[in-house]
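Novice: model the following, please.
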Amino acid sequence: MTTINSELNKLKVFVKKVKSLEPLIQLHDAQFEIPCVIQKKAIYEKAIVHPIIHKNILGQILYEISQVHVDQFSGIFPFAIILHPNVVEDIDLPGLYIFDSEESRFLCKKVINEDQDVAQYLKGILRKKNIESYLAIGFSFECKSNITEEFLENVIREATILLKNGENLLDVHGEITSSIVSHLEEETFILMEDQEKNQYSLLFTQWINSIF
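Specialist: Okay, here's the model as predicted:
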């Protein structure tokens, strides 16, 4: 992974361009929900291994990442990107999902169809990076009008820590490896917008390798 200063410079360029960009992903209120089972106070004595990842394990990983996020960080939002119906056991609709830890469920914020611009854009990035994957953990932050350089520095530092935490959790929950893609370069920029017109920049995606 590149240095924090390098990523910070890219993020500054991106923030300047936000006003002229059209959002690639339109986020919605939860289009549907998928309950799952997680352990909120768990001690893991050995790795949990599955040929493909189960929704409960993915939920557990997102929950634990979110706990670090809630306890220590602000402004960064982790979520799951699913590009194929067979990647996550018991989630058969590709889409962008957040994890609701209060209710232990996935909330679909965007359905991603095979022929959609979103799917084709993401798959194009993966081809250029020589990554074969249909599942990622994404990290984004809200692009507000009053963003300071100090805030951007904190975002990059926090995202770097969360990515490392994500790698550790993937290993604990099944010796799963991942490839990281930075979305702070012009050819990988992704801007998202919700129904209230709040805009979010995708910082990094962590694409899971070992389930294929």
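
Novice: now do the SS call for the residue sitting nearest the centre point of the chain.
Specialist: Using C-alpha atoms, centre = their mean, the residue of the chain that lies closest to the mean C-alpha position is Gly138, 1.1 Å off. Using DSSP: H, G, I helix; E, B strand; the rest coil, the three-state assignment for Gly138 comes out as strand.

Novice: so what pairs up with it in the strands?
Specialist: When assigned by DSSP bridges, Gly138 has beta-bridge partners Phe79, Thr205.

Novice: how near is it to Phe204?
Specialist: Gly138 sits at a distance of 7 Å from Phe204 (criterion: C-beta to C-beta, to the nearest Å). From N, CA and C alone the C-beta is placed, and that goes for glycine too.

Novice: ok, Ile176 next?
Specialist: For Ile176 relative to Phe204 (C-beta to C-beta), the value is 17 Å.

Novice: mind checking what helix or strand follows the lowest-mean-pLDDT helix or strand in the chain in sequence?
Specialist: Of all the helices and strands that make up the chain, the one with the lowest confidence by mean pLDDT, DSSP states H and E is helix 4-17; it has a mean of 66. Proceeding N to C from helix 4-17, the next assigned helix or strand is strand 25-26, under DSSP states H and E.

Novice: partner strands of that next one, with direction?
Specialist: Strand 25-26 has the following strand partners under DSSP bridges: strand 191-193 (parallel).

Novice: which stretches in the chain count as strands?
Specialist: If you assign secondary structure with DSSP state E, the strands in the chain sit at 25-26, 33-35, 53-54, 76-82, 88-89, 95-100, 105-111, 135-142, 178-182, 191-193, 199-208.

Novice: could those strands go into JSON lines alongside distance to Glu64?
Specialist: Compiled in JSON lines, those are given as follows (distance: least, C-beta to C-beta, whole Å):
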{"stretch": "strand 25-26", "distance to Glu64": "25"}
{"stretch": "strand 33-35", "distance to Glu64": "18"}
{"stretch": "strand 53-54", "distance to Glu64": "14"}
{"stretch": "strand 76-82", "distance to Glu64": "10"}
{"stretch": "strand 88-89", "distance to Glu64": "17"}
{"stretch": "strand 95-100", "distance to Glu64": "10"}
{"stretch": "strand 105-111", "distance to Glu64": "15"}
{"stretch": "strand 135-142", "distance to Glu64": "11"}
{"stretch": "strand 178-182", "distance to Glu64": "15"}
{"stretch": "strand 191-193", "distance to Glu64": "23"}
{"stretch": "strand 199-208", "distance to Glu64": "14"}
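
Novice: could I get those strands as CSV with mean pLDDT?
Specialist: Rendered in CSV, the data for the strands of the chain read as follows (pLDDT from 0 to 100):
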stretch, mean pLDDT
strand 25-26, 76
strand 33-35, 76
strand 53-54, 87
strand 76-82, 90
strand 88-89, 90
strand 95-100, 92
strand 105-111, 93
strand 135-142, 91
strand 178-182, 90
strand 191-193, 89
strand 199-208, 90
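
Novice: tell me which of those strands lies nearest to Gln120.
Specialist: Taking C-beta to C-beta, strand 25-26 is the member of those nearest to Gln120, at 12.7 Å.
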